[in-house]
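**Q** Mind looking at a prediction? Sequence and model below.
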Amino acid sequence: MNASLRRTVTFLALFLAGVLVGRAPLLADEPSWLPVSKVMAELSQNPDFVEALYKRLGHNPKAGGILGPDEIKRLRELILGKDFEALDSFPGMTIPGMGRAVRLAAAAMDQSGNKAPPPPEAAQQATGALVEEELGIPAAGDPPAPDAYLRPLGFGLENGDRIDPVLAVQYADSMRLSEALNRLSMNSPDSGTRYRIVAGGQHVDTPSALMEALTASGHDLEVRDSRYFANFGDLIYHGRDVLTPFWIDTGLQIPGTDRNLLVPVSHSQHEFIVRGPVVNADLSFYFGIDGEAVFRPSVTRDQAWVMGKVAHRYRGAEALEVTRLAGSIVRAYSAIKQSHPDLPFGGYYALGVCNDVNAMIELKMQGETTLFPLTLDPQFFTGGGEVDRLALRLPLDNGRSAKPEPRRILGSIPVAELSMLPLPSLRKDLEAVSAAWESGNLTLTGSRDTLIWVVAGIGGFLAVLWLVRRRQG
């Protein structure tokens, strides 16, 4: 994305996040983070900030993503009038609408000349030659600088992730292991082995075989099925984290009220923790906004408000089975994208969000999934392979007949017990819904086109898509 457009969506995301918080349940004013509504209220007092926002939203019809001139005009009026409550009346968007937004956003990116590079495995597949190499760990390389992923936005704002000093120490090893696992995943049973790793004197050609070789040589492997609140803004204001969730209307009525339960969208990932005499690495696996379902090195530190819960832990044979299935997903998603090269954002949303691939793993390992929302389009999973079969068994939230499922909605909340949630209003709503569900008295608001809404139109979703990095759901 070019610099001008990146700045545009960053400002727009900040504004839209304030809108979302205005529509969400009231949150506690925790000392460790700031509600973005407070940040917007303060920044709106600065004429320079308002003018910078106007320039990006008003002077160029394309600057607001896909927002039309009437919407831009309305936004200007609301900001100028500091009438933030009036933003509640903005029209919502369904999941199908979000899908259309992805296609429109991708078209805008194509027109700007930003083409995605071919996937790294393409060259390997094109040559057909067998490549064999040592694992190469300990690996050479320096960790990212503490501010490597932070970008100043002006007005006291920063965008991005802080580096975790503990994870940074082993970043080079984590990077090398993730690269090896991703390349091994591309070995197809149909086309034969094209990449092989030598580890501990063994020649391995699958991700699970590599992990098994490591465990046989004295390493410990644990895989964690982890859930978080998705951080769509990654905003910091004068050194304090800014709470920027993306709220979902679940379609579940809060008992004793005329309101539906709103929850922050969740992010999920399977985390691979390797410890031993040679390899010490932390990886995560999920399908990201970059359009890649891959193993990734972990090096950044989450903002505190995203919480965190481990739903399942796997060791021994189960951990190796999760590794095998994750490798199959890497290969299957690569094949689908090669067959459908024009999918917007590398297939993000059409092939699911972060939750969908992790839901497949949970479904295989547990017999059911507790993740929400799930958005993949079944038409892309008709190949008959293991990943296709799992995808077709998932409960989906983007169809006209989709019904809210309390078990998955509550299962995606990233705390072990609701009493641990430091957001009082949200906690109260969740406890009421949970109690009504357990007693069989929970009211659904009926069949809906979708369960997800946002309040600032297609441009808002475009901003969210480009800003979400590690936490995407």
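**A** Ah, there it is.

**Q** where does the stretch 151-300 of the chain have low pLDDT?
**A** Low-confidence segments of the stretch 151-300 of the chain, defined by pLDDT under 70, are located at 232.

**Q** So which residues of it form helices?
**A** Along the stretch 151-300 of the chain, counting by DSSP state H, counting those that start in this stretch, helices occupy 165-169, 171-185, 207-216.

**Q** now do the stretch 351-473 of the chain
**A** Taking DSSP H, counting those that start in this stretch as the criterion, the stretch 351-473 of the chain carries its helices at 354-366, 386-393, 406-411, 424-439, 457-467.

**Q** So which of those helices is nearest residue 159?
**A** helix 457-467 (7.4 Å; Cβ to Cβ). C-beta here means a position set from N, CA and C on the backbone, and glycine is covered the same way.

**Q** ranking the helices of the stretch 351-473 of the chain by mean pLDDT, which is last?
**A** When the helices of the stretch 351-473 of the chain are compared by mean pLDDT, helix 457-467 comes last with a mean of 38.

**Q** what sits opposite residue 34 in the beta ladder?
**A** residue 242 (DSSP bridges).

**Q** With residue 429 as the reference, measure out to it.
**A** From residue 34 over to residue 429 the distance is 22 Å, taken as Cβ to Cβ, to the nearest Å.

**Q** Ignoring the adjacent residues along the chain, who's closest to residue 200?
**A** Spatial nearest neighbour of residue 200, chain neighbours left out: residue 217 (4.1 Å); criterion: Cβ to Cβ, 6 or more residues apart in numbering.

**Q** The one you found contacts residue 210, doesn't it?
**A** No - at 11.0 Å, residue 217 and residue 210 do not qualify as touching, with contact defined as Cβ atoms under 8 Å.

**Q** neighbour count winner among the two?
**A** Ranked by neighbour count (other Cβ atoms under 10 Å), residue 217 and residue 210 place residue 210 first, with 25 against 15.

**Q** contacting residues around the more buried one?
**A** With Cβ atoms under 8 Å, 6 or more residues apart in numbering as the criterion, the residues that contact residue 210 are 135, 180, 181, 184, 197, 199, 204.

**Q** switch the cut-off to 7 Å
**A** Contacts were defined as Cβ atoms under 7 Å, 6 or more residues apart in numbering; by that measure residue 210 touches 180, 181, 184, 197, 199, 204.

**Q** Please name the nearest non-neighbouring residue to it.
**A** Computed as Cβ to Cβ, 6+ apart, the closest residue to residue 210 that is not its neighbour in sequence is residue 204, at 4.8 Å.

**Q** I'd like to know how far residue 426 sits from residue 360.
**A** With the distance defined as Cβ to Cβ, residue 426 ends up 28 Å from residue 360.

**Q** So for these two, which sits in the more crowded spot?
**A** Neighbours around residue 426 and residue 360, counted as other Cβ under 10 Å, are more numerous at residue 360. The numbers are 29 against 23.

**Q** Go ahead and confirm the more buried one touches residue 392.
**A** No - at 10.2 Å, residue 360 does not count as touching residue 392 under the criterion of Cβ atoms under 7 Å.

**Q** and the residue nearest to residue 382 when sequence neighbours are not counted, how many neighbours does it have?
**A** With Cβ to Cβ, 6+ apart as the criterion, residue 382 has its nearest non-adjacent residue at 6.4 Å, and that residue is residue 388. Neighbouring residues of residue 388 were enumerated by other Cβ under 10 Å; the total is 16.

**Q** for residue 152, same thing?
**A** Applying other Cβ under 10 Å, we find 12 other residues in the vicinity of residue 152.

**Q** For it, name its beta-bridge partners.
**A** residue 158.

**Q** rewinding a little: what's the spacing between the residue nearest to residue 210 and residue 195?
**A** Applying Cβ to Cβ to residue 204 and residue 195 gives a distance of 10 Å.

**Q** Also residue 265?
**A** Counting by Cβ to Cβ, the gap between residue 265 and residue 195 amounts to 36 Å.

**Q** Surely residue 160 is in contact with residue 147?
**A** No - counting by Cβ under 7 Å, residue 160 stays clear of residue 147, with 8.4 Å between them.

**Q** Neighbour count for these two, which is higher?
**A** Ranked by neighbour count (other Cβ under 10 Å), residue 160 and residue 147 place residue 160 first, with 17 against 12.

**Q** Now do the contacts for the more buried one.
**A** Per Cβ under 7 Å, 6+ apart, neighbours of residue 160: 149, 150, 151, 234.

**Q** Pull out the buried residues from the residues you listed.
**A** Among the contacts of residue 160, those buried by neighbour count (16 or more other Cβ atoms under 10 Å) are 149, 150, 234.

**Q** quick one: which of these is nearest to residue 222?
**A** Proximity to residue 222 was ranked across the buried ones among the contacts of residue 160 by Cβ to Cβ; first place goes to residue 149, at 26.0 Å.

**Q** The closest one and residue 238, how far apart?
**A** Counting by Cβ to Cβ, the gap from residue 149 to residue 238 is 19 Å.

**Q** do residue 203 as well
**A** When Cβ to Cβ is the yardstick, residue 203 and residue 238 sit 54 Å from each other.

**Q** before we move on, what about residue 330?
**A** Relative to residue 238, residue 330 is positioned 40 Å away (criterion: Cβ to Cβ).

**Q** Which one of the two is surrounded by more residues?
**A** residue 330 (26 against 12).

**Q** Please give me every residue in contact with the more buried one.
**A** Taking Cβ under 7 Å, 6+ apart as the definition of contact, the neighbours of residue 330 are 182, 185, 293, 294.

**Q** and it, helix, strand or coil?
**A** In three-state terms, and counting by DSSP: H, G, I helix; E, B strand; the rest coil, residue 330 is helix.

**Q** can you tell me which residues contact the closest residue to it other than its chain neighbours?
**A** The shortest distance from residue 330 to any residue other than its chain neighbours is 3.7 Å, reached at residue 185 (Cβ to Cβ, 6+ apart). With contacts defined as Cβ under 7 Å, 6+ apart, residue 185 is in contact with 207, 327, 330, 331.

**Q** ranking those by neighbours, who comes first?
**A** Compared across the contacts of residue 185, residue 207 has the highest neighbour count, 29 neighbours, by other Cβ under 10 Å.

**Q** Name the nearest residue to that one, ignoring sequence neighbours.
**A** Once flanking residues are discounted, residue 207 sits nearest to residue 327: 3.8 Å by Cβ to Cβ, 6+ apart.

**Q** hang on, the one you found packs against residue 204?
**A** No - counting by Cβ under 7 Å, residue 327 does not reach residue 204; the two are 11.6 Å apart.
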